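Chemist: Quick one, what's the 3D model for this:
(chains A, B, C and D)
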Amino acid sequence: MSALLSATCAVPAAGAVLTAALPAGTTGARRRTTKLVALGVSALTLVLAAVAAIRFDPHGDRYQLTESYSWIRSFGITFSLGVDGIGAVLALLTAVLVPMVMLASWHDADPDPTPDAAPVGTDGPVDPGTIERRRRTQGFFALILAVEAMVVVSFYATDVFVFYVFFEAMLIPMYFLIGGFGDRAGGPESARQRSYAAVKFLLYNLLGGLVMLAAVIGLYVIAQEQGFGTFDLRTLTSAIADGRLQLSGTAEKALFLGFFFAFAVKAPLWPLHTWLPNAMGEATAGTAVLITAVVDKVGTFAMLRFCLGLFPHASKTFAPAILVLSLIGIVYGALLAVGQKDIKRLVAYASISHFGFIIMGIFALTSQGQSGATLYMVNHGLSTAAWMLVAGFLISRRGSRLIADYGGVQKVAPVLAGTFLIGSLATLSLPGLAPFVSEFLVLVGTFARYPVIGIVATFGIVLAALYALLLYQRTMTGPVKEGVRAMPDLKARELAVVAPLVALTVLLGVYPKPLTDLVNPSVNATLSQVHETDPAPAHPVAATPGGEQK
Amino acid sequence: MNSLIPLLVAAPLAGAALLLLGGRALDRFGHWLATAFAALSFGFGLALFSDMLGRGAEHRAVTQHLFSWVPVNGFQADMTFRLDQLSMTFVLLISGVGTLIHLYSVGYMAHDERRRRFFAYLNLFLAAMLLLVVADNYLLLYFGWEGVGLASYLLIGFWQHKPSAATAAKKAFLVNRVGDMGLSIAIMLMFTEFGSFAFGPVLGSEGAVGAAHQASEGKLTAIGLMLLLAACGKSAQVPLQSWLGDAMEGPTPVSALIHAATMVTAGVYLITRSSAIFDLAPDAQTAVVVVGAVTLLFGAIVGCAKDDIKKALAGSTMSQIGYMVLAAGLGPIGYAFAIMHLVTHGFFKAGLFLGAGSVMHGMDDEVNMRHYGGLRKYMPVTFVTFGLGYLAIIGFPGLSGFFSKDKIIEAAFAKGGTEGWILGLCALVGAAVTAFYMTRVMVLTFFGEKRWQPDEDGNAPHPHESPKTMTIPMVLLAFGSVFAGGLFAFNDSFLKWLEPVTGHEEGNSPLAPLTVTLLTMACMLAGVALAYLMYGRSPVPVVPPVGSPLTRAARRDLLQDDFNHAVLVRPGSALTATLVFFDSRGLDGFVNGLAAAIGGLSGRLRRVQNGFVRSYALSMFGGTLVLVATTLLMRSV
Amino acid sequence: MNPVNYLYLSALLFTIGASGVLIRRNAIVLFMCVELMLNASNLALVTFSRMHGTLDGQIIAFFTMVVAAAEVVVGLAIIVSIFRTRHSASVDDSNLMKL
Amino acid sequence: MTGQLAAAAVTTDLAAATGRLAAAAGATSTGEAVQFWVLAVIAVGGALGMLLMRKAVHSALCLAATMMALAVCYMAQGAVFLGVVQIVVYTGAIMMLFLFVVMLVGVTSEDSLKEQLKGQRFAAVLCGLGFGVLLVAGIANARLDHFTGLSEANAEGNVPGLARLIFTRYVWAFEVTGALLITAAIGAMVLTHREHVKPPKTQRELAAQRVKDNIQLPPLPAPGVYARHNAVDVPGLLPDGTIAEDSVMATLRERGQIRDVSQAMLRRMAELENSTADWLGRPSSERPEVAGPRKSLEPVPANGKAGAAGKDGATGEEGDE
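Modeler: Now for the predicted structure:
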């Protein structure tokens, strides 16, 4: 039993504590120390996650590098970790993105040079922004590391209860990240908005989590009655798969909905999405990337691992309904993105559209769909991170999130505009960039089982082109607007953030095989849990040509 | 030798990457670098061509597998290239004309500060276009398909500071996306139907019958219609033609390369490449010919009314591609002629555009033909090359266009039945209109009195001949315009070259070939004469006359944009606005309302906690009462 | 006469006491009502003691009295101190618990 | 007090006799029945009286009556010791304590009849009725036909029997009760005791404070009006005929026990002037209205706390102690 996975989880957790304990950032040098420590910890995590992904043998067992530590014995809860192809890939994505987010947010958490009046007049709940000013930098980076640790545990957990705990605990640091660190631009009004967004984020996800908790308990009770007094995912899924543990139809549906609701809020699926635009709009660009590219992925990942694994029959029953919701999400998110006036909210709605694709791929119940969905999680993480971070650089230069305040940036900051264009193109799934592969797989996988839904979803690619290029046109082209005339181009630090993301996006678009090799066996295992196989082609090419007469 | 195939794509791609990432250091000689990479690709193409000629007709198609691209169980997309006669034709056309236009651009873009980037985009385009034609499966073709769309987007919007250019670029991409939807759905259909979307297994190769032969006609028709949709988008066929006119916002070499010679013909390539599917789906073929015929008239009419020289040529392009699509829709009778016209069109239309660019270069970027006139004296080389291109396009006997267009008209009649007559007559009318609008362009630009005036600052243009880098490509293309057709038609060499890929069958035309030729000649002469009467005999007004309703409609692209605006854009933005409202007031409003309701309810409930001890005592007492009563009742029951 | 009647009496007194607690506002009267309720239960206890023939019931009644005495001492002290600050012996005037 | 005890002693003998007699049967003697019905009427009447009397003093007296009746009931049932304790502790000690407190916080203050809580009275009566019905039903349903009687348990006397139990089986509870009583005593002291956080102010300091605060510099006005009313609850009159509330001691003001005679006085003065005018022969137009010039001056309400709200809190506080 190697301790690789627990080390991967423990390093960022310990890093978070260490970062928080560092001396307060009263001087620039001290703050830099804090940042470097945090960055170093995240880099170490990246190395560990990469080692885990490399040591994972796609042709071996479903879960590898497993560890198990006794936790709450009376309920059969063990702190058990294990990795399958999907978890390995997503944990790696997380580990890749966190250092990028840190680099991109390098100065976001510096204390303001001119201490503006503390946000007053928040007649709502207490503004989480009142983190002590001097410890802002420590707080920000420690919170990011805490999120990373919890996300990684969620990807590795093979115990339903452990997963639940970390799935929920993630909300706490995220709440403070959203509510405590916003755009520098806004005044008291923005503080109120931010507080609203943070509370909304918390409430939505908490509600989902509570429903899930009920389902978790229900699952345990039912399992215990049949002699499986455990939360261990592997035991439960194998028992469910070979019929030793039988859930009645109604119970299975109810439990499925309980789990699914939590994941659908997190993912987010239409119509549970409205927290996302607020949260992404008000948070810093780095936090927004954490939300959409890292934390939300736990939701879709959990659909794949828990919903399908634990409740195969209910998954099949509800799949068409979920597909319709995801389809609405695709079109709806894209249309709303077209109508946005705020850059970050636009990205958020685009993400909602993309999450529609991911969920659609998962519940199409074909290997193409699910592999595509898994790749989509990774690719969306990378491409949206690039898009959003560049948008963040843009916004930090001008101090406005409104699209109307920009124009002609391409003229003054060509590199910024170029990287932004690449982000936009990735968002609209241009072939050659990573999202294309996944989006097409999802579409093909869906089309194979539900042709009509597949065709309607294809409209999403037209709408994606519309919002992405419209945004680019309005901000980057045309005559140079007054406020952007003196805008500097990307700095070295910012390039260091964007370049790897762009490179990965291109690389995975042209050569996604390393990922598909990792993911495919796990997807096949998931599909076999649901007792589904890919629909066979009507006239396969493999048949001897001319052998059959019509 | 086959390992050169990937290099065809890789060379310009490397050029693009180098130029984009290289930074300002490459500003001074980047354009020559790009031209060299294009020429390198052409060189590889020539080498492969000679290699191919060295093999027998049946062994000419080769494939080169690089690596597995997207493998997911049954879904296997490989990075595999296929080079057969059809691809070879395109490779040579693309890299050849591409290289010439690179050369031309060196002169044309000499004063643009972002020249390096322009050449990078051009190289990118070459790479994508070559990938499109050498791909061995539809997904890889789609890669190239969207790649050229991207390059087209970047190049149309190259002068991004002009809002019109940025808008045109976005429009082109979007309309193309609609077409791409068709291609995606076609691929999905193929996958679910055959479990594959590679050319070999689906379409058949080297005598083996593809899986397409086993599928039902309905499915094949669906696939064919989806492919047609894709072709309509990329090749600017009705109803997705609206972007091409606006695309003229791009620099002229771009118009020449992408929007005349190569990219817009990708649709014809797609249909020809998928001939195995279309041959088995007659309904889809009918749709193709209808689209082709409608577009050829549509484009021709639009071309007649435009005063912008590039837009007139764009209408012409649309119309000529209509011819090709029409031919491709005729089935094996027409495939070879479609491609032949495509190649000859590539020469003369590129030449015409370069000529137009040369004129604009000399006229300070003036595009309105009503402000030209009498330019033959000032730019003789341009005049001659443009004139040769003009003669080629109207089908003057002996020049390229004559051979290719005549064959298409013949083939249209050969379709047989009423259909054949209708198509043939459309093609004939098209030929007449072509002669009319091209003569109009020619006359307005090069003949008559000079009509240009000083602008507000008093700077009158000083028309002059363009530099060598620009004229040499024009001359070379003029050679192509003159001789390519004859070369191809000689001994039916082109037909035989392509036959292994597309197949060929002779139609049974109700008219003798000579009759058709004579009819075509007559139509052409009528068109030329009419145009000369209208524009050559009397001075041309600088301000355009109001004109007939048809003219006015044609000036507005036959109201296509107005239609799109009314049917798609306006309802679309209304829908978006409604949804934005619904999201904030409807969904969010529901949730917020729920929160408010809960708050209100707790406000009510809070009043029960009135702080009066006696109230609490009462509730305790009442509770006890209820408990005791329940207990007693339960015991008695 | 059946000694059960004592129990009925006890029940009646208890009910009157309880109603008094709910109806009266003067804290002192309230206390008296509580005392009445305690006495009523004492009566029941004594009756039970007689019924069972053991003295335990009486013992409990005895303890009840002691506790009642203690309660009254503390309770009245509270009333006095409340009266000092609020100048009122009405329980309705001490309703700050709602906040 | 002695009388009560004597009466109790007599009844004890009687009750013991009847108890012994009834023990065998399960029904009681006619004597006890008569006694029960008399006592029951007194007890219930007392309880209702307590519930319905508006003045706390009356309530207390009613309760005392009920308790006495109950004490007799205890004795009749063989709980002689308890009966005595009931009279001594409850009626004697606890009720006296109640009366003390009632006197302390205002003997005459009455509950107003107006119920402030909506529906409280109705609901209380309903609950009470329901509870009563439940209890009665419960008792009626219980199987209570066998009465053992206490003749055996009280064989060596009631007190020795109780003592045996208290000091053996219930000794622990007994000790704890003692602790409880001590605690209660200390608690009461703590609650009512007021700590002086600083040394009491001297007279000089108080005077200086008054000057500083500019409140009531001269001595408070004396109560009483002319020579007619010289009781302490009659406030003095100010020159305009209104009453000077300060002239009445704070405790009386607190209880609302101010006897306002201003109207009567005004009326008398008017009469005096009239008679003077008659005597001098002035025209009637110059005479003041007999009805009194100050209609607005209402008598202070009997139980109102307007006085308590006070002209100034400081003097009120002082008077209170």
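Chemist: Show me where the stretch 501-637 of chain B has its helices.
Modeler: All helices of the stretch 501-637 of chain B, identified by DSSP state H, counting those that start in this stretch, fall at B:513-531, B:549-555, B:560-564, B:570-581, B:588-608, B:613-636.
Chemist: buried sites along the longest one?
Modeler: The neighbour-count check on helix B:613-636 (16 or more other C-beta atoms under 10 Å in any protein chain shown) flags B:613-615, B:617-618, B:621-622, B:625 as buried. Where C-beta positions appear, they are placed from N, C-alpha and C, glycine not excepted.
Chemist: Which of these sits closest to A:Ala499?
Modeler: Nearest to A:Ala499, judged by C-beta to C-beta, of the buried residues of helix B:613-636 is B:Ser615 at 69.8 Å.
Chemist: Now that closest one: closest residue in space, sequence neighbours ignored.
Modeler: D:Leu117 (6.0 Å; C-beta to C-beta, 6 or more residues apart in numbering or on different chains).
Chemist: Helices of chain D, residue ranges please.
Modeler: For chain D, the helices defined by DSSP state H occupy D:2-25, D:30-52, D:56-76, D:80-85, D:95-105, D:120-141, D:158-166, D:171-192, D:203-213, D:250-255, D:262-280, D:306-309, D:313-320.
Chemist: which one of these lies closest to B:Ile258?
Modeler: When those are compared (using C-beta to C-beta), the closest one is helix D:120-141, at 87.3 Å.
Chemist: list the helices and strands that closest one packs on?
Modeler: Counting contacts by 3 or more C-beta pairs under 8 Å, 6 or more residues apart in numbering or on different chains; DSSP states H and E, helix D:120-141 packs against helix B:613-636, helix C:4-23.
Chemist: which residues does D:Glu115 contact?
Modeler: If you count contacts by C-beta atoms under 8 Å, 6 or more residues apart in numbering or on different chains, D:Glu115 has them with D:Arg121.
Chemist: so which of the helices of the stretch 501-637 of chain B is the most packed in?
Modeler: helix B:513-531 (a mean of 18; mean count of other C-beta atoms under 10 Å in any protein chain shown).
Chemist: any idea which helix or strand carries A:Cys418?
Modeler: Residue A:418: Gly, not Cys. helix A:414-427 (DSSP states H and E).
Chemist: Distance check, the residue of chain D most remote from its centre against chain B.
Modeler: Note on chain D: the largest C-alpha distance from the chain mean falls to D:Gly281, namely 57.2 Å (C-alpha atoms, centre = their mean). Using C-beta to the nearest C-beta, to the nearest Å, D:Gly281 is found at 66 Å from chain B.
Chemist: how much space is there between that residue and chain A?
Modeler: 78 Å.
Chemist: Kindly confirm whether my reading is correct that B:Arg370 touches B:Pro541.
Modeler: Yes. Using C-beta atoms under 8 Å, B:Arg370 is in contact with B:Pro541, at 7.2 Å.
Chemist: who has more neighbours, those two?
Modeler: Between B:Arg370 and B:Pro541, counted using other C-beta atoms under 10 Å in any protein chain shown, the more crowded position is B:Arg370 (16 against 9).
Chemist: For B:Ala312, see how far away the more buried one is.
Modeler: 12 Å (C-beta to C-beta, to the nearest Å).
Chemist: try D:Pro199
Modeler: Applying C-beta to C-beta, the value for D:Pro199 to B:Ala312 is 111 Å.
Chemist: Quick check: bridge partners of A:Ala157?
Modeler: A:Leu81 (DSSP bridges).
Chemist: So for it, what pLDDT did the model give?
Modeler: pLDDT recorded at A:Ala157 is 91.
Chemist: show me where chain A has strands.
Modeler: A:64-72, A:77-83 (DSSP state E).
Chemist: repeat for chain B
Modeler: Per DSSP E, chain B carries strands over the ranges B:62-72, B:75-83.
Chemist: Pipe those into a markdown table and attach distance to B:Met442 and mean pLDDT per row.
Modeler: Shown next, in a markdown table, are those (distance: least, C-beta to C-beta, whole Å; pLDDT from 0 to 100):
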| stretch | distance to B:Met442 | mean pLDDT |
| --- | --- | --- |
| strand B:62-72 | 44 | 88 |
| strand B:75-83 | 39 | 89 |
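Chemist: Tell me which of the ones you listed sits most buried.
Modeler: strand B:75-83 (a mean of 23).
Chemist: Indicate whether it makes contact with chain A.
Modeler: Yes. Strand B:75-83 lies within reach of chain A by C-beta under 8 Å from any C-beta of the partner chain, at B:75, B:79.
Chemist: I'd like to know how far B:Ile321 sits from B:Lys415.
Modeler: In this structure, B:Ile321 and B:Lys415 are 19 Å apart, going by C-beta to C-beta.
Chemist: neighbour-wise, which of these two wins?
Modeler: The neighbour count for B:Ile321 versus B:Lys415, taken as other C-beta under 10 Å, is higher for B:Ile321 (31 against 25).
Chemist: OK, contacts around the closest residue to the more buried one other than its chain neighbours?
Modeler: Nearest in space to B:Ile321, with sequence neighbours left out and distances taken as C-beta to C-beta, 6+ apart, is B:Ser235 at 5.0 Å. Residues near B:Ser235 by C-beta under 8 Å, 6+ apart: B:264-268, B:321, B:325.
Chemist: let's see 6 Å
Modeler: B:264, B:267, B:321 (C-beta atoms under 6 Å, 6 or more residues apart in numbering or on different chains).
Chemist: Nearest to chain A, out of those: which one, please.
Modeler: Among the contacts of B:Ser235, B:Gly267 lies closest to chain A (C-beta to the nearest C-beta), at 17.4 Å.
Chemist: Quick check, pLDDT for the residue nearest to B:Ile321.
Modeler: Model confidence at B:Ser235, given as pLDDT, is 90.
Chemist: need the strands of chain B in TSV with distance to chain D, can you?
Modeler: Output for the strands of chain B, formatted as TSV (distance: least, C-beta to the nearest C-beta, whole Å):
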stretch	distance to chain D
strand B:62-72	71
strand B:75-83	73
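Chemist: Include distance to B:Arg604 when you put those into a markdown table, please.
Modeler: Shown next, in a markdown table, are those (distance: least, C-beta to C-beta, whole Å):
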| stretch | distance to B:Arg604 |
| --- | --- |
| strand B:62-72 | 57 |
| strand B:75-83 | 59 |
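Chemist: doesn't A:Thr274 make contact with A:Ile352?
Modeler: No. Using C-beta atoms under 6 Å, A:Ile352 is not in contact with A:Thr274, being 9.4 Å away.
Chemist: In terms of neighbours, single out the busier of these two.
Modeler: Neighbour comparison, A:Ile352 and A:Thr274: the larger count goes to A:Ile352, with 28 against 22 (by other C-beta under 10 Å).
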